[in-house]
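A.B. asks: below is the structure, and that's it, no one-letter string:
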């Protein structure tokens, strides 16, 4: 069985008790503690230069990949903000957190679970966040605590910028005004982006680095972009002439092979004309570049303060985002573009800088990875796996698959397992459909092989890996 067994709250409580401060104190007596800088982008697909996108300008994230290990096949556990963030921040899968939507606080179900920053706080670290780490309703809750977990931090900062202040000017192509965070919407502003919420998040993160440079820290920097509405300043829009924006070109007949429950955008592409879809895609890319620039500001400060030599830096997105693939937009999908995320891990030693790992990894691996890399050990109740062996050797032997799930109405659950070659998905345990895609020969998931008798053995093997 590839997945670790899921634990009940009582087991978690026993594990928490075992994580005594003396264990951490013993480690503190040794080598200097490594700091952690965790950078999270919101709703970011792998449309980045370092992931091979031909158009997107992401020089800061590309530079980060050049100083760390880039994971080619990293996947979220639930392609929706709150379930995903609750999962990787607690080191528990969604079936353990029981968080399947954006309205539930994971503490209702796991009141005593130790989150990533709590492990570091117990080891004597200062822990702080700026912006969105746990869930916020975007854009409504920008500038507030959202569904934050107060027990995770010594300090929190909630910036608000001109993107929020100028929200009334947003141009919507779909959805009602009250549903701005789930619409196809955009806005171009003046300025250079530093007065946007993400710009202020970078500024406040830099202040925290400056104020805490002389003590061990866990600082989380949570950007809001490119989450819709895609709002960016004019200088980043200028990077993307509209005539260079292209939409996915796909065989139209392939849609017939996809179970209807797997699709959420109806009609396909919202029925919008291609010109509007291209205008919006341009805004998504511009928002990505704005966020990238703020990442660069934070990293420049880390270098200026001479903190890079002793800080583990991680860059991730909470989940992917579909930009017209299969006629679908946004998230809550089990296709590659929605489930796959960028993940870069930089060890301060600089070992394997610029290397790529093709191994299949998950966001739930983040907690055991960070505690392991910083000498705190791997918590026994963590449901992911430490990626430290892959940071030390990106092509090390690895036999773990990635699991993603998502809900539909009436309690229907979709579950997907991704190996280095295959993606297999089942809906309602197969009652509402199956999907099998061969990424070796079909990287865009155009041909569903699930009903082809030639692949019955592969279907059976992958299906057996999913929780029943």
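C.D. replies: Received, thanks. All values reported here derive from a predicted model rather than from experimental measurement.
A.B. asks: in stretch 120-139, what counts as buried?
C.D. replies: Buried residues in stretch 120-139, counted by 16 or more other Cβ atoms under 10 Å: 120-123, 125-139. Heads up, the C-betas are built off the backbone N, CA and C, glycines and all.
A.B. asks: same thing with stretch 35-55?
C.D. replies: By 16+ other Cβ under 10 Å, the buried positions in stretch 35-55 come out as 35-51.
A.B. asks: now stretch 268-281
C.D. replies: Buried residues in stretch 268-281, counted by 16+ other Cβ under 10 Å: 269-270, 272, 276-281.
A.B. asks: who touches stretch 147-158?
C.D. replies: 82, 89, 105-107, 115-118, 121, 126-131, 133-136, 143-145, 204, 208 (Cβ atoms under 8 Å, 6 or more residues apart in numbering).
A.B. asks: what's the spacing between that stretch and its chain's center?
C.D. replies: Centroid separation for stretch 147-158 versus its chain: 19 Å, with Cα atoms, centre = their mean, to the nearest Å.
A.B. asks: give me the helices and strands touching the helix or strand that contains residue 390, please.
C.D. replies: Residue 390 belongs to helix 388-392 when assigned by DSSP states H and E. For helix 388-392, the packing partners by 3 or more Cβ pairs under 8 Å, 6 or more residues apart in numbering; DSSP states H and E come out as strand 69-75, strand 356-362, helix 366-373.
A.B. asks: any idea how far the first one is from the middle of the chain?
C.D. replies: Per Cα atoms, centre = their mean, the displacement of strand 69-75 from the mean C-alpha position of its chain is 11 Å.
A.B. asks: restricted to strands, list the buried residues of stretch 35-55.
C.D. replies: Among the buried residues of stretch 35-55, the residues falling in strands (DSSP state E) are 35-42.
A.B. asks: now do the SS call for residue 82.
C.D. replies: helix (DSSP: H, G, I helix; E, B strand; the rest coil).
A.B. asks: find the nearest non-adjacent residue to it, please.
C.D. replies: Among residues not flanking residue 82 along the chain, residue 135 sits closest, at 3.7 Å (Cβ to Cβ, 6 or more residues apart in numbering).
A.B. asks: my read: that neighbour touches residue 145, true?
C.D. replies: No. If you go by Cβ atoms under 8 Å, residue 135 and residue 145 don't touch, sitting 10.5 Å apart.
A.B. asks: mind listing what's buried in the helix holding residue 390?
C.D. replies: For helix 388-392, a neighbour-count test (16+ other Cβ under 10 Å) marks 388, 390-391 as buried.
A.B. asks: ok, now stretch 309-327?
C.D. replies: 311-327.
A.B. asks: stretch 60-77 now?
C.D. replies: By neighbour count with 16+ other Cβ under 10 Å, stretch 60-77 contains the buried residues 60-65, 67-77.
A.B. asks: could you do stretch 188-201 as well?
C.D. replies: Of the residues in stretch 188-201, 188-189, 193-201 count as buried by neighbour count, 16+ other Cβ under 10 Å.
A.B. asks: kindly report the same for stretch 443-457.
C.D. replies: Within stretch 443-457, the residues scored as buried using 16+ other Cβ under 10 Å are 444-446, 448-450, 455.
A.B. asks: try stretch 166-179
C.D. replies: In stretch 166-179, the ones that count as buried by 16+ other Cβ under 10 Å are 167, 170, 172, 174-175.
A.B. asks: need those in JSON lines with pLDDT, distance to residue 261 and secondary structure, can you?
C.D. replies: Listed next are those as JSON lines, based on pLDDT from 0 to 100; distance: Cβ to Cβ, whole Å; DSSP: H, G, I helix; E, B strand; the rest coil:
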{"residue": "167", "pLDDT": "96", "distance to residue 261": "34", "secondary structure": "helix"}
{"residue": "170", "pLDDT": "97", "distance to residue 261": "31", "secondary structure": "coil"}
{"residue": "172", "pLDDT": "97", "distance to residue 261": "27", "secondary structure": "strand"}
{"residue": "174", "pLDDT": "96", "distance to residue 261": "21", "secondary structure": "coil"}
{"residue": "175", "pLDDT": "86", "distance to residue 261": "22", "secondary structure": "coil"}
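A.B. asks: hang on, the earlier thing: from residue 208, how far off is the residue nearest to residue 82?
C.D. replies: Distance of residue 135 to residue 208, given as Cβ to Cβ, to the nearest Å: 21 Å.
A.B. asks: got it, and residue 153?
C.D. replies: Distance, residue 153 to residue 208, using Cβ to Cβ: 11 Å.
A.B. asks: joint contacts of these two?
C.D. replies: Common contact partners of residue 153 and residue 208 (Cβ under 8 Å, 6+ apart): residue 128.
A.B. asks: can you give me the mean pLDDT across stretch 49-59?
C.D. replies: Averaged over stretch 49-59, pLDDT sits at 98.
A.B. asks: show me what contacts the residue nearest to residue 82?
C.D. replies: With contacts defined as Cβ under 8 Å, 6+ apart, residue 135 is in contact with 81-82, 85-86, 102, 146-147.
A.B. asks: specify the local secondary structure of it.
C.D. replies: coil.
A.B. asks: ditto for residue 127
C.D. replies: When classified by three-state DSSP, residue 127 comes out as strand.
A.B. asks: run through the residues that contact it.
C.D. replies: Neighbouring residues of residue 127 by Cβ under 8 Å, 6+ apart: 117-118, 120-121, 152-155, 217-220.
A.B. asks: mind redoing it with 7 Å?
C.D. replies: Contacts of residue 127 were listed using Cβ atoms under 7 Å, 6 or more residues apart in numbering, and they are 117, 120-121, 152-154, 218.
A.B. asks: let me know the pLDDT of it.
C.D. replies: Note on residue 127: pLDDT of 98.
A.B. asks: for the closest residue to it other than its chain neighbours, give its distance to residue 123.
C.D. replies: In space, and not counting its chain neighbours, residue 127 is closest to residue 117: 3.9 Å by Cβ to Cβ, 6+ apart. For residue 117, the distance to residue 123 equals 10 Å [Cβ to Cβ].
A.B. asks: likewise for residue 45?
C.D. replies: Distance from residue 45 to residue 123, by Cβ to Cβ: 34 Å.
A.B. asks: ok, residue 354 next?
C.D. replies: Distance, residue 354 to residue 123, by Cβ to Cβ: 30 Å.
A.B. asks: please apply the same query to residue 94.
C.D. replies: Distance, residue 94 to residue 123, using Cβ to Cβ: 27 Å.
A.B. asks: surely residue 345 is within a strand?
C.D. replies: Yes. Secondary structure of residue 345 (three-state DSSP): part of a strand.
A.B. asks: pretty sure it contacts residue 67?
C.D. replies: No. The criterion here is Cβ atoms under 7 Å, and residue 345 misses it with residue 67 at 10.4 Å.
A.B. asks: residue 102: neighbour count?
C.D. replies: The local packing of residue 102 (other Cβ atoms under 10 Å) involves 17 other residues.
A.B. asks: repeat that for residue 100.
C.D. replies: Neighbour count of residue 100, defined by other Cβ under 10 Å: 19.
A.B. asks: try the one 4 residues further on
C.D. replies: Residue neighbour count, defined by other Cβ under 10 Å, stands at 17 for residue 104.
A.B. asks: residues in contact with the closest residue to it other than its chain neighbours?
C.D. replies: In space, and not counting its chain neighbours, residue 104 is closest to residue 82: 7.0 Å by Cβ to Cβ, 6+ apart. For residue 82, the contact set (Cβ under 7 Å, 6+ apart) comprises 99, 101-102, 135, 147.
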